[in-house]
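> here are the coordinates; sequence isn't available:
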């Protein structure tokens, strides 16, 4: 079982729609959860972090965490073509120094 | 502007050759990391360093070596023992061992001739 799993996609949504990206993780001791966006040929950039159960909103982005289900999601409202990228889910365990990345979900937003 | 600089952007390695990827940061971050990314795969940790003159192996350290002689610099050497070195290499840093947010350099694409 992979430590952090994501659907590789591609996920295709029309412009203005809500894009929903999902991630599951295996380590129940994980404490910190991140979403990074990576454009093709570029390096990842952090867009959201979440540490406790529930929702965290930042502009058009909402991260959701459910530790009991070991599930993290990212919602992108009013999706724009510029949101087209690969979204990497990353998880860090309690007390550890390693951040474990999922393989990423490719998102296409159609104009 | 503060940031992480990786060089070169593209690098080609010949059979049996060692090559070194450069990573420099001016963010005054304590922790630095090297990740490898293969197409369609997530980032895999090669080495990390929390302080100067100290570093630890990550999940795929075989065939790689690092040094951390200065806080700002964390070069990665891909040795001839690494039989499948073609990948996108990313250097990252974080403020300290507990700060979990990673800042990435622009990456180096390494290919084998």
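Ah, there it is. The model shown is predicted, which means the values in this text are computed figures rather than measured ones.
> How about the contacts made by residue A:68?
Residue A:68 makes contacts with residue A:53, as judged by C-beta atoms under 8 Å, 6 or more residues apart in numbering or on different chains. Where C-beta positions appear, they are placed from N, C-alpha and C, glycine not excepted.
> Look up phi and psi at it.
phi -60, psi -40 (degrees, to the nearest 10).
> Report pLDDT for it.
With respect to pLDDT, residue A:68 scores 95.
> What of the one 3 residues further on?
The pLDDT attached to residue A:71 in the predicted structure is 96.
> The residue nearest to it when sequence neighbours are not counted: which element?
Counting by C-beta to C-beta, 6 or more residues apart in numbering or on different chains, residue A:71 lies nearest to residue A:24, which is 5.5 Å off, once chain neighbours are set aside. Secondary structure assigned from DSSP states H and E places residue A:24 in strand A:19-25.
> Just checking: what are the partner strands of whatever helix or strand comes next after that strand?
From strand A:19-25 onward toward the C-terminus, using DSSP H and E, the following helix or strand is strand A:30-38. Strands adjacent to strand A:30-38 in the sheet, as given by DSSP bridges, are strand A:45-50 (antiparallel), strand A:85-93 (antiparallel).
> coming back round to it: how much space between the residue nearest to residue A:71 and residue A:59?
Distance of residue A:24 to residue A:59, computed by C-beta to C-beta, to the nearest Å: 25 Å.
> Those two - which one has more neighbours?
Legend: neighbour count by other C-beta atoms under 10 Å in any protein chain shown for residue A:24 and residue A:59, higher for residue A:24 (20 against 10).
> coming back round to it: check which helices and strands the strand holding residue A:24 sits against.
Other elements packing on strand A:19-25 under the criterion 3 or more C-beta pairs under 8 Å, 6 or more residues apart in numbering or on different chains; DSSP states H and E are strand A:4-6, strand A:11-14, strand A:71-76, strand A:85-93, strand A:105-110.
> Next, count neighbours for the nearest residue to residue B:32 once chain neighbours are set aside.
Spatial nearest neighbour of residue B:32, excluding adjacent residues (C-beta to C-beta, 6+ apart): residue B:74 at 4.0 Å. Counted with other C-beta under 10 Å, residues neighbouring residue B:74 total 28.
> The one 4 residues further on now?
Look at residue B:78: counted by other C-beta under 10 Å, it has 23 neighbours.
> who in chain A is up against chain B?
Residues of chain A lying close to chain B (C-beta under 8 Å from any C-beta of the partner chain) are A:4, A:8, A:32, A:34, A:36, A:42-46, A:49, A:88, A:90, A:92, A:97-104.
> Look up how far residue B:48 lies from the residue nearest to residue A:71.
Counting by C-beta to C-beta - residue A:24 and residue B:48 are separated by 25 Å.
> From the residues of chain A next to chain B, keep the buried residues only.
Using 16 or more other C-beta atoms under 10 Å in any protein chain shown as the burial test, these include A:4, A:32, A:34, A:36, A:43-44, A:46, A:49, A:88, A:90, A:92, A:97, A:99-104 as buried.
> Any stretches of the chain with poor pLDDT?
Going with chain A. A:1-2, A:94-96 (pLDDT under 70).
> wrong chain, I was asking about chain B
Using pLDDT under 70, the flagged stretches of chain B are B:1, B:97-99.
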